[in-house]
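Engineer: I would like the atomic coordinates for the input below:
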Amino acid sequence: MELLRKRVRISPPPLKQLNMTAKVRQMTSNRSGRPVANQFVIYTNYGTYFQSYNSVIALRDNNGKITLDDYYWDYSRTTSKYRNEFLGEFTADTRAKIDSGEYKLADLN
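Structural biologist: Numbers count the residues shown, from 1 in each chain. The predicted structure is shown next:
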């Protein structure tokens, strides 16, 4: 049986709907120091977003609260690797924080 997830709309709306100025930084490899393709950190006046390819994965708002996209937060190995770097933790830590309610899941795309 497929588990259905309830999508929660948070404030603000997804990044693509925001009308604000943003600064984008391409993530760099810890090993080589070179830019990593398709992995970005986006700074806005609401908070900081992590984007992998064309999907927003995580939001750290200006109050330090974390919201993860309910579908894409654990989408692939590469996404997980750079999400872990963005959050400064391992996937097991992220799962525990979701389970405890510390991190919220929402539709960020």
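
Engineer: Check the chain for its longest strand and report it.
Structural biologist: Counting residues, the longest strand found in the chain (DSSP state E) is strand 35-43.

Engineer: Quick one: name whatever helix or strand follows it.
Structural biologist: strand 47-52 (DSSP states H and E).

Engineer: which residue packs closest to residue 85, ignoring adjacent ones?
Structural biologist: Leaving aside its chain neighbours, residue 85 sits nearest to residue 27 (7.0 Å; criterion: Cβ to Cβ, 6 or more residues apart in numbering). All C-beta spots, glycine's among them, are computed from the backbone N, C-alpha and C.

Engineer: From residue 69, how far off is the residue nearest the centre of the chain?
Structural biologist: Ranked by distance to the mean C-alpha position of the chain (Cα atoms, centre = their mean), the top residue is residue 58 at 1.5 Å. According to Cβ to Cβ, to the nearest Å, residue 58 and residue 69 sit 7 Å apart.

Engineer: again, but for residue 99
Structural biologist: 17 Å.

Engineer: okay, the two: which has more neighbours?
Structural biologist: residue 69 (24 against 9; other Cβ atoms under 10 Å).

Engineer: Count the neighbours of the closest residue to that one other than its chain neighbours for me.
Structural biologist: Nearest residue to residue 69 in three dimensions, chain neighbours excluded: residue 108, at 4.1 Å (Cβ to Cβ, 6+ apart). The tally of other residues near residue 108 (other Cβ under 10 Å) stands at 24.
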